[in-house]
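**Student:** I would like the atomic coordinates for the input below:
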Amino acid sequence: MSSLAIQNIGQLVTNDPVLGEGPLGIIRDASLVFDGERVAAVDRAGAAADEGFDAAGRCVIPGFVDSHTHLVFAGDRSEEFAARMAGRPYEASGIRVTTEATRAATDDQLRALAAGRRTEALRAGITHLEIKSGYGLEIDAERRLCEIAAELTGDVTFLGAHALPPEYEGRAGDYVDLVCGEMLAACAPLSRWIDVFCERGAFDAEQARAVLTAGRAAGLGLRVHGNQLGLGPGIRLAVELGAASVDHCTFFDDADIEALADSDTVATFLPATDFSTRQPYPDARRMLDAGAHVAIATNTNPGSSNTTSMSFCIAIAVREIGMTIEEALLAATSGGARALRRDDLGRLSPGSRGDAIVLEAHSYIDLVYRPGVPLIGAIFVAGREADRPTP
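**Tutor:** Numbers count the residues shown, from 1 in each chain. Next comes the predicted model:
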């Protein structure tokens with residue numbers, strides 16, 4: 001493949017402190033060279049390549065890495081959202097509403113809906129994402145969700161243990177056996193990860209342990225939904241089992257922080273979910289100050305976070321959960337990559353995948369300084385320019 005250089009970059013965020021200033025590794029008046037799918041060089045302005053793109057003095061950052069999404073679903077829960085805004089509390093049981101609509105949809109309908117959301121996410125600067133199943137909750141339905149997700153990403157997560165389906169009411173043990181047995185066997189070949197919703201109203205610690213242990217035995221990496229609705233065992237279970245990430249982390253105590261700080265498990269915050277559910281915002285500052293690894297993800301889903309805007313999540317993270325702008329940008333890029341155990345994403349240094357965003361701004365600060373303003377200009381994925389966003 002030919003080489004391509006993004007020239008005349010006013011401010012290049014590499015996320016590699018060895019290459020530039022501060023934790024973001026900032027280089028000014030730079031060029032970024034792609035050779036095929038990879039970053040070949042980071043140079044001062046004027047580097048040569050087969051093709052060129054003029055950044056015209058704008059800021060270039062790594063593509064966002066969204067490590068927690070539920071893109072494959074049908075149906076709408078806007079009335080539930082409106083009721084919540086009027087004061088009704090969030091309940092995890094709303095997952096069943098989406099499950100009914102998703103089961104009723106055809107493969108073609110689900111494929112079109114998911115592809116549309118993936119395109120929307122790309123236009124928002126998300127160059128790589130993870131996609132979970134979890135709205136089928138029966139063998140064939142979960143398998144087809146994993147199949148559709150696998151058409152859009154290599155980071156597919158089997159989430160059969162998302163909620164207890166109505167037909168298993170009062171028989172949670174039987175459903176966990178199904179998830180750990182036939183359902184896992186059907187979905188594991190299509191997945192890289194397994195996840196479980198360890199939360200009141202979903203699955204308790206021992207049920208979650210059984211799901212994760214079975215998934216690990218099938219060769220899948222581990223992820224956990226935990227501590228969304230209150231203090232619980234999710235964080236420490238994730239650390240104990242060596243999960244790559246524990247997501248939500250809205251509520252945590254000192255023991256949870258200590259466990260995460262002494263581990264490689266990433267605490268993934270979902271600030272748009274706390275916004276949408278009117279939950280209290282977590283105090284990410286405590287996690288960061290303790291040395292825990294953190295990420296930010298969108299949690300795109302119909303019930304509790306119907307957004308694909310990582311810029312929105314970054315702005316909330318700075319305004320509400322105690323992150324600096326630099327920490328939030330790192331969490332949405334290299335943090336997401338770490339949560340997916342990917343060392344080729346979330347940075348712009350030689351050898352990384354050529355995923356970059358040219359902002360319609362001279363500084364990354366504008367992502368928070370100008371919230372809600374469309375600042376995603378050109379998008380590059382694997383060294384090639386993707387379709388430009390439409391107005």
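**Student:** Just the buried positions in stretch 52-61, please.
**Tutor:** For stretch 52-61, a neighbour-count test (16 or more other Cβ atoms under 10 Å) marks 52-53, 55, 58-61 as buried. (Glycine included, C-beta is placed from N, CA and C.)
**Student:** can you give me the end-to-end distance of that stretch?
**Tutor:** 17 Å (Cα to Cα, to the nearest Å).
**Student:** same question for that stretch, mean pLDDT?
**Tutor:** Regarding stretch 52-61, the rounded mean pLDDT is 97.
**Student:** residues in contact with that stretch?
**Tutor:** 4-13, 30, 32, 329, 333, 348, 356-364, 366, 377-378, 385 (Cβ atoms under 8 Å, 6 or more residues apart in numbering).
**Student:** Just to be sure, which of those are found in strands?
**Tutor:** For those, the ones inside strands are 4-13, 30, 32, 356-359, 377-378, 385, with DSSP state E as the criterion.
**Student:** And stretch 151-168, end to end?
**Tutor:** Termini of stretch 151-168 sit 30 Å apart (Cα to Cα).
**Student:** What is the end-to-end distance of stretch 124-137?
**Tutor:** Note: stretch 124-137 ends 30 Å apart using Cα to Cα.
**Student:** Determine how far that stretch lies from the middle of the whole chain.
**Tutor:** 7 Å (Cα atoms, centre = their mean, to the nearest Å).
**Student:** for stretch 256-268, same thing?
**Tutor:** Relative to its chain's centre, stretch 256-268 lies at 18 Å (Cα atoms, centre = their mean).
**Student:** who's in contact with that stretch?
**Tutor:** 67-68, 227, 231, 235-236, 238-239, 242-249, 252, 284, 286-287, 290-297, 335-336, 338-339.
**Student:** got the buried residues for that stretch?
**Tutor:** Under 16+ other Cβ under 10 Å, the buried positions of stretch 256-268 are 256-257, 259-261, 263, 265-268.
**Student:** Equivalent analysis for stretch 43-51, please.
**Tutor:** 43, 45, 47, 49.
**Student:** Make TSV from those and add secondary structure and pLDDT to it.
**Tutor:** Shown next, in TSV, are those (DSSP: H, G, I helix; E, B strand; the rest coil; pLDDT from 0 to 100):
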residue	secondary structure	pLDDT
Asp43	strand	85
Ala45	coil	73
Ala47	coil	76
Ala49	coil	86
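**Student:** Specify which member of the residues you listed is nearest to Leu122.
**Tutor:** Ala49 (23.4 Å; Cβ to Cβ).
**Student:** re the thing from before, which ones among the buried residues of stretch 256-268 map onto helices?
**Tutor:** 256-257, 259-261 (DSSP state H).
**Student:** Can you add distance to Ser304 and pLDDT and give those back as JSON lines?
**Tutor:** Output for these, formatted as JSON lines (distance: Cβ to Cβ, whole Å; pLDDT from 0 to 100):
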{"residue": "Asp256", "distance to Ser304": "21", "pLDDT": "98"}
{"residue": "Ile257", "distance to Ser304": "24", "pLDDT": "98"}
{"residue": "Ala259", "distance to Ser304": "25", "pLDDT": "98"}
{"residue": "Leu260", "distance to Ser304": "23", "pLDDT": "98"}
{"residue": "Ala261", "distance to Ser304": "27", "pLDDT": "98"}
